[in-house]
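*Asks:* sequence and predicted model, in that order:
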Amino acid sequence: MANNPQVLEKPQAENVSAAPARRKTFPVDYSEISLFKDISPLEWEDWHWQVKNSIHTKEQLAQVIQLTPQEEEGIRRSRGRLAVSVTPYWATLMDTEDPQCPIRRQAVPLAEEFNIAPHEMVDPCAEDRDSPVPGLVHRYPDRVLLLATEQCAMYCRHCTRRRIVGEKEHKPFDLSKAVDYIKSNHKIRDVLISGGDPLMLEDDELEKIIQAIRGISHVEFLRIGSRVPVTLPQRITEKLVTMLKKYSPIWISLHFNHPREITKRVRQAMGMFADSGFPLGSQTVLLNGINDKPYIMRKLMHELLKVRVRPYYIYQCDPVKGTAHFRTPVAVGINIIEKMRGYTSGYAVPTYVVDAPGGGGKIPVGPNYLLSQDKGRYTLRNYKGKIYTYIE
């Protein structure tokens, strides 16, 4: 069941005066929410029940949280693609009174989503341009992105693919053209199955896709990109894990944004994956007011390592339409890496990247440790700012 997430206390070392203490109001159990008070534990643990009973309306959300005028307007104006969709599980993690709750802000639309900045784009990463056949993106020479579905368990408000996700009805994916394309290009050695979210597919549908990709001799590396284990951990069943193990090795690319997302139920799901031998990595989107402080990001990375998930990327939030209120200056991301490198385990330090608008791909951005170089003499600084010289 959902647990009562701890509130993170800001370390004194940050030298910023703490905000006044306020009682956080999290439901202890789903039965405390009127929408779910009559639901049995068996139903609650059924991922199909969770999807079928996702929250889509203002009236339903009002039974979970105290809505603000900005949230009410955001819900009213969110129609069609990326309309409101919150899993019952995720609803139990939201602070009922605090509109700045990092769990709540990722799921509940605000009026700010409809303030479009001039430089924002529908498809900032130019995935549609780099799509040789439907459902496939081929940008880098040796790897492709396979978009297997338009569905997600929850529609995150910062979603970079909001142009394609959000179909209410599941459309069967035409795999044949994508498979033919991969077969015809022997440079492709890495396939990432994403979407939407591929774990929204039934086990047999997902297996057909994996089986087809595994049948291509020159594909060496297979990944599944999913946020479902975070927003709907009930989906990680013994049956699913057993099916996936038949096609090992499969790397699982996850999407965690805040330490509160790592609940007891999520730890159980991560344990099932890790115990079955799946390598796990996490990508995090840098989000204003949610995880843009070094102490929050550091805590998230530590919690990920504790559940055997390797921090992989921190993404600068893409300039997709309607997300200006989520974006931070790039300097914020650089500062986060500066406050992590040397101050925690190397395994806990991800790479901060900007996915270059217009389809330029991921560009690493970070603090500058190389100060100068001249005829084989390198002047370097360490994480404490001390200067050292290395001579070739």
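*Replies:* That came in fine, so what should we check first? Residues are numbered from 1 along each chain as shown.
*Asks:* can you pull the buried residues of stretch 246-265?
*Replies:* 250-263, 265 (16 or more other CB atoms under 10 Å). To be clear about C-beta, it is placed using only N, CA and C from the backbone, and glycine gets the same treatment.
*Asks:* try stretch 98-115
*Replies:* Neighbour-count burial for stretch 98-115 [16+ other CB under 10 Å]: 98, 101-111, 113.
*Asks:* please flag which of those residues sit within helices.
*Replies:* P102, I103, R104, R105, Q106, A107 (DSSP state H).
*Asks:* show the backbone phi and psi for D374.
*Replies:* Backbone torsions of D374, given as degrees, to the nearest 10, read phi -160, psi 110.
*Asks:* what's across from it in the sheet?
*Replies:* Taking DSSP bridges as the rule, D374 bridges to R377.
*Asks:* burial count for it?
*Replies:* Per other CB atoms under 10 Å, the neighbour tally for D374 reads 7.
*Asks:* just L199 next, same as before
*Replies:* 27.
*Asks:* try the one 10 residues further on
*Replies:* Applying the criterion other CB under 10 Å, we find 21 residues in the vicinity of I209.
*Asks:* where's it, which helix or strand?
*Replies:* helix 203-214 (DSSP states H and E).
*Asks:* contacts for that helix next, please.
*Replies:* 146, 148, 173, 175, 179, 182, 191, 193, 198-199, 201, 219, 222, 239-240, 243-244, 247, 250 (CB atoms under 8 Å, 6 or more residues apart in numbering).
*Asks:* now do the residue lying closest to L136 once chain neighbours are set aside, the pLDDT please.
*Replies:* Nearest residue to L136, sequence neighbours excluded (CB to CB, 6 or more residues apart in numbering): A178, at 4.5 Å. Looking at A178, its pLDDT reads 95.
*Asks:* again, but for the one 3 residues further on
*Replies:* Per-residue confidence for Y181 comes out at a pLDDT of 96.
*Asks:* tell me the secondary structure for it?
*Replies:* Three-state call for Y181 (DSSP: H, G, I helix; E, B strand; the rest coil): helix.
*Asks:* tell me how many other residues crowd it.
*Replies:* 16.
*Asks:* how about it, what does it touch?
*Replies:* Counted by CB under 8 Å, 6+ apart, Y181 has contacts P132, V133, L136, H138, V144.
*Asks:* and of the ones in helices among the buried residues of stretch 98-115, the nearest to M301?
*Replies:* P102 (15.4 Å; CB to CB).
*Asks:* the residue nearest to H158 when sequence neighbours are not counted and L287, how far apart?
*Replies:* Setting aside the residues directly before and after it, H158 is nearest to F326 in space (CB to CB, 6+ apart), at 4.7 Å. From F326 across to L287, the span is 5 Å (CB to CB, to the nearest Å).
*Asks:* could you break the protein into its assigned domains?
*Replies:* Here the domain parsing of the chain from automatic domain parsing is 22-111, 136-370.
*Asks:* before we move on, the earlier item: the contacts of Y181 in strands, which ones?
*Replies:* L136, V144 (DSSP state E).
*Asks:* which among the contacts of Y181 count as buried?
*Replies:* Buried, going by 16+ other CB under 10 Å: L136, H138, V144, out of those.
*Asks:* which regions of the stretch 51-200 of the chain lie under the pLDDT threshold?
*Replies:* 167-172 (pLDDT under 70).
*Asks:* can you lay out the buried residues of stretch 98-115 as CSV showing distance to F36?
*Replies:* What follows is the buried residues of stretch 98-115, written out as CSV (distance: CB to CB, whole Å):
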residue, distance to F36
D98, 21
C101, 19
P102, 22
I103, 17
R104, 17
R105, 22
Q106, 20
A107, 16
V108, 18
P109, 22
L110, 25
A111, 28
E113, 27
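*Asks:* ok, so of the residues you listed, who is nearest E73?
*Replies:* Among those, and counting by CB to CB, the member closest to E73 is A111, at 4.1 Å.
*Asks:* wait, what's in contact with that closest one?
*Replies:* Counting by CB under 8 Å, 6+ apart, A111 has contacts Q70, E73, G74, R77.
*Asks:* among the residues you listed, who's most crowded?
*Replies:* Busiest of the contacts of A111 [other CB under 10 Å] is G74, holding 22 neighbours.
*Asks:* all helices of the stretch 51-200 of the chain, in order?
*Replies:* With helices called from DSSP state H, counting those that start in this stretch, the stretch 51-200 of the chain shows them at 58-61, 69-77, 88-91, 102-107, 176-184.
*Asks:* which one of these lies nearest to R163?
*Replies:* That would be, of the helices of the stretch 51-200 of the chain and by CB to CB, helix 69-77, which comes in at 17.0 Å.
*Asks:* check what contacts the closest one and list those residues.
*Replies:* Contacts for helix 69-77 (CB under 8 Å, 6+ apart): 57-58, 61, 67, 84, 99, 108-114.
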